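*Asks:* got a structure for you, letters missing:
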């Protein structure tokens, strides 16, 4: 009987197999909710800061960044909350899929 272990076709593999890792994906829904709530909470904290310290208020920035926002009425405050939340979702809807695309192409996040 011929010895097939010495031939290339019958040769046993040696060494450790390289583990194949799944590419981590960024969940867009979780990113959108977390960024939206982060920006809405930050907007609320900034409005409270502006009310407590009017000399250091930054409401002029909100007037430029949030369309339709005026200082300060309840409808305007809620409009600012909604717009801040929407900006968070905008970032998530653009950044999340782009990250997932480039992470899949590079073979995994965190590698250079």
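*Replies:* Sure thing, it's come through. Predicted model, so just to flag it, every value in this text is computed and none were measured. Numbering: from 1, shown residues only.
*Asks:* mind checking pLDDT for the residue nearest to residue 71 when sequence neighbours are not counted?
*Replies:* In this structure, residue 71 finds its nearest non-sequential neighbour in residue 59, 4.7 Å apart by C-beta to C-beta, 6 or more residues apart in numbering. The C-beta positions use only the backbone N, C-alpha and C, and glycine is treated the same way. pLDDT for residue 59: 83.
*Asks:* so what's residue 59 up against?
*Replies:* The contact partners of residue 59, by C-beta atoms under 8 Å, 6 or more residues apart in numbering, come to 47, 50, 71-72.
*Asks:* max pairwise distance over those residues: which two?
*Replies:* 47 and 71 (9.1 Å; C-beta to C-beta).
*Asks:* neighbour count for those two, which is higher?
*Replies:* residue 47 (20 against 14; other C-beta atoms under 10 Å).
*Asks:* if I pick the spatially most central residue of the chain, what's in contact with it?
*Replies:* Central residue of the chain (C-alpha atoms, centre = their mean): residue 31, 4.6 Å from the mean position. Contact analysis of residue 31 by C-beta under 8 Å, 6+ apart lists 92, 95-96.
*Asks:* could you do residue 95 as well?
*Replies:* Counting by C-beta under 8 Å, 6+ apart, residue 95 has contacts residue 31.
*Asks:* and it, how close does it get to residue 39?
*Replies:* Counting by C-beta to C-beta, to the nearest Å, the gap between residue 95 and residue 39 amounts to 13 Å.
*Asks:* tell me the helix or strand right after the lowest-mean-pLDDT helix or strand in the chain.
*Replies:* Ranked by mean pLDDT, DSSP states H and E, the weakest helix or strand in the chain is helix 59-65, scoring a mean of 87. Sequence-wise, the next helix or strand downstream of helix 59-65 (DSSP states H and E) is helix 74-106.
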